[in-house]
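Engineer: pasting the sequence and the predicted model now:
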Amino acid sequence: MTGYLAGNGLPGLNRVGVWLNDPSNYWGPDGLVVRIRDHLLYTLVIVAIALLIALPLGLWVGHTGRGIVLVAGTANALRAVPVLGFIVFLVVLMSDHLPGNDSAIGFIPIGALRYFIPVAISLVVLAIPPILTNTYAGVQSIDPAARDAAKGMGMTGLQIVRKVEFPCALPLIMSGLRSSVLQVIATATVAAVVPALGGLGRYIIDGDQQLSDPQAGYPAMVAAGVVVAILAVLIDALLALVQRLVVSRGISGRYRRVRGATATVTTQASLAEA
């Protein structure tokens, strides 16, 4: 596959590198920079909505122990929802009842709100389960003695959630958030199946109509897939750094390792002096 066309009639894979090295593909209203921006904004909005729904619900379920079976069953059911089919269903069901002449709203073009809302609902459904299940599992895994001590200090239920359960469950919550973000980044490409919406999926959906085009067809589709994978790795690495910063060292175990290392150095120094 080193020629202009491979044996299957498509441009060779070497054209993907040519496409990525062409500055004209990066700029303009349909350039890669704009597509990446839209893709990341879709992800940010959708994960933020999912977090606002799943985090309080998960904390409440974990704290009270109520509705665990219902929440677990619902979360597992939501994982099985076919996102692409759900988007098409919601667009058909909702688009005629949503405003079609709206003005541009940030990254949503004029007239696209009626399509963005069904897409957002579908992706929020995808993003909720990892955050929800990890949140209540993290709260439930806390040593009951920690709760009893908090109650003995006179803390209210809300104070226990805020000052004890949430910080202790934060490693699992962050793990669920990272999983949710990765799923949305990978799946947000399906937003391009509806009119007017962008993101990296635009290259994939539009390129399917002109596969043999070395500029807008197969090379652009593969390049978009590569960029999505790179974005997923970079965002996950960034969230891992955030997790390291926000999770207490005592909870993560880093505090114990630091103390152990310090104690070893101190002991060695004492033996050397002796």
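Structural biologist: Received, thanks. Residues are numbered from 1 along each chain as shown.
Engineer: mind checking how far residue 68 is from residue 62?
Structural biologist: 8 Å (CB to CB, to the nearest Å). Quick note: C-beta positions are derived from backbone N, CA and C, even for glycine.
Engineer: what sits closest to the residue nearest the centre of the chain if chain neighbours are left out?
Structural biologist: When CA atoms, centre = their mean is applied to the chain, the residue found nearest the centroid is residue 181 (0.8 Å). In this structure, residue 181 finds its nearest non-sequential neighbour in residue 47, 5.5 Å apart by CB to CB, 6 or more residues apart in numbering.
Engineer: check contacts around that neighbour.
Structural biologist: For residue 47, the contact set (CB atoms under 8 Å, 6 or more residues apart in numbering) comprises 127, 177, 180-181, 184.
Engineer: mind doing that once more with 7 Å?
Structural biologist: In this structure, residue 47 makes contact with 127, 180-181, 184, judged by CB atoms under 7 Å, 6 or more residues apart in numbering.
Engineer: point out where the protein drops to low pLDDT.
Structural biologist: Scanning the chain with the threshold set as pLDDT under 70 gives 1-13, 99-107, 207-216, 252-274.
Engineer: for it, which helix is longest?
Structural biologist: helix 32-64 (DSSP state H).
Engineer: after that helix comes which helix or strand?
Structural biologist: helix 68-79 (DSSP states H and E).
Engineer: list the helices and strands that following helix packs on?
Structural biologist: Using 3 or more CB pairs under 7 Å, 6 or more residues apart in numbering; DSSP states H and E, the elements in contact with helix 68-79 are helix 113-140.
Engineer: what helices or strands is the helix it packs on leaning on?
Structural biologist: Under the contact rule (3+ CB pairs under 7 Å, 6+ apart), helix 113-140 is packed against helix 32-64, helix 68-79, helix 83-94, helix 166-187.
Engineer: a markdown table for these, including distance to residue 231?
Structural biologist: Output for these, formatted as a markdown table (distance: least, CB to CB, whole Å):
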| stretch | distance to residue 231 |
| --- | --- |
| helix 32-64 | 7 |
| helix 68-79 | 22 |
| helix 83-94 | 18 |
| helix 166-187 | 6 |
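Engineer: picking up where we left off before, what sits in contact with each of residue 68 and residue 62?
Structural biologist: residue 136.
Engineer: okay, these two: which has more neighbours?
Structural biologist: Between residue 68 and residue 62, counted using other CB atoms under 10 Å, residue 62 has the larger neighbour count: 24 against 14.
Engineer: roughly how far apart are residue 87 and residue 121?
Structural biologist: 9 Å.
Engineer: more crowded one of the two?
Structural biologist: More crowded of residue 87 and residue 121, by other CB under 10 Å: residue 87, with 22 against 15.
Engineer: give me the nearest residue to the more buried one, chain neighbours excluded.
Structural biologist: Nearest to residue 87 is residue 122, by CB to CB, 6+ apart, at 4.6 Å.
Engineer: for residue 231, same thing?
Structural biologist: residue 185 (5.8 Å).
Engineer: what's near enough to touch the one you found?
Structural biologist: 43, 228, 231-232, 235.
Engineer: can you tell me the element residue 245 falls in?
Structural biologist: helix 218-246.
Engineer: by contact count, what packs against whatever helix or strand comes next after that helix?
Structural biologist: Beyond helix 218-246 on the C-terminal side, the first helix or strand identified by DSSP H and E is helix 249-252. Secondary-structure packing of helix 249-252 (3+ CB pairs under 7 Å, 6+ apart): helix 166-187.
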